[in-house]
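Asks: Would you be able to build a 3D model of this:
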Amino acid sequence: MTTDTIALNVKDSGGHGRPVILIHGWPLSSDAWQDQMPALVDAGLRVIAYDRRGFGRSEKPDVGYDYDTLSDDLAGLIEHNDLRNVTLVGFSMGGGEVARYVARHGQDRLHSVVFASAVPPFLMKGDDNPDGPLTPEQAQEFERNLRADRQAFFDGFTTDFFSANGDLKVTPEQRQQALQLCLQSDEDAALGCMKAWATTDFRDDLTQVTVPTLVMHGDADGIVPIEGSGERTHETIGHSKLHVLTGAPHGCNVSHASEFNRVLIDFLLN
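Replies: Okay, here's the model as predicted:
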């Protein structure tokens, strides 16, 4: 599918139910939703998942890896398909697109939103954000390591992604699948989006969310700790529902797929 600005690889179940858009995490692709798409289709929903620009099989331009542009890509997808009464499900980095979409494009086309293991409200720790779980030094180390050796960085990242308290919570094959998705990412895209999710402040964006909202997060998430992200998002969006996945790592949609799907479908259908 081509929006006004970019050619995106889109998977559309083509169902006649209410539309749900799945927005993947960094540095993966829409294939990361393989445990969710069939379950949501079986629940009678029209399920759409797309590869963010620079990732998977979408176009890989040199620029546009900021949240304003990324949320405009999402808006282009929605408008191109004339989707209405939509639920946006943003995983990890994708939660930022959900928040920024609301701030830039409003909620007229939305039914509800979901933040799953998501980066809002603001990861980077600073004087005005003392509860941010990511220090500038950690962010710089991430960037250095990614630039130095992509394969080694993504190998370690996918291990941490699916680990809780030092134990891998998925099969080695599932981790390898995720690693291959990481390696599909464009280098500029991976670095640009890393900067975006590490440094973008979504605190004001979240205050504009008035549609029904679900926050899902693992309490053993070592990538985006729940205390600095999910819990704060839930507090900011006062009407939101918070579901904590006990013992779940960052990649909870794979490690805890049954519970993740059950909670998500219950929210979508009620």
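
Asks: backbone phi and psi for residue 115, please?
Replies: Here the main-chain torsion angles of residue 115 (degrees, to the nearest 10) amount to phi -110, psi 110.

Asks: got a list of what it touches?
Replies: 90, 95, 98, 99, 213, 214, 215, 216, 230, 233 (Cβ atoms under 8 Å, 6 or more residues apart in numbering). Just so you know, the C-beta spots here come from the backbone N, C-alpha and C atoms, and that holds for glycine as well.

Asks: how far away is it from residue 234?
Replies: 9 Å (Cβ to Cβ, to the nearest Å).

Asks: Overlap of the contact sets of the two?
Replies: In contact with both residue 115 and residue 234: residue 215, using Cβ under 8 Å, 6+ apart.

Asks: tell me the contacts of residue 260?
Replies: Counted by Cβ under 8 Å, 6+ apart, residue 260 has contacts 35, 36, 116, 216, 245, 252, 253.

Asks: Which helix or strand contains it?
Replies: Here residue 260 sits within helix 257-269, counting by DSSP states H and E.

Asks: For that helix, what does the pLDDT average out to?
Replies: Helix 257-269 comes out with an average pLDDT of 98.

Asks: Name the residues of that helix that are buried.
Replies: Going by neighbour count (16 or more other Cβ atoms under 10 Å), the buried part of helix 257-269 is 257, 259, 260, 261, 263, 264, 265, 267, 268.

Asks: Ok, stretch 97-115 next?
Replies: Buried, per 16+ other Cβ under 10 Å, within stretch 97-115: 97-103, 105, 107, 109-115.

Asks: count of residues packed around the closest residue in space to residue 183 that isn't next to it in sequence?
Replies: Leaving aside its chain neighbours, residue 183 sits nearest to residue 154 (6.3 Å; criterion: Cβ to Cβ, 6 or more residues apart in numbering). When neighbours are counted by other Cβ atoms under 10 Å, residue 154 registers 22.

Asks: again with residue 211
Replies: 16.

Asks: Out of the buried residues of stretch 97-115, which sit inside strands?
Replies: Using DSSP state E, the members of those that fall in strands are 110, 111, 112, 113, 114, 115.
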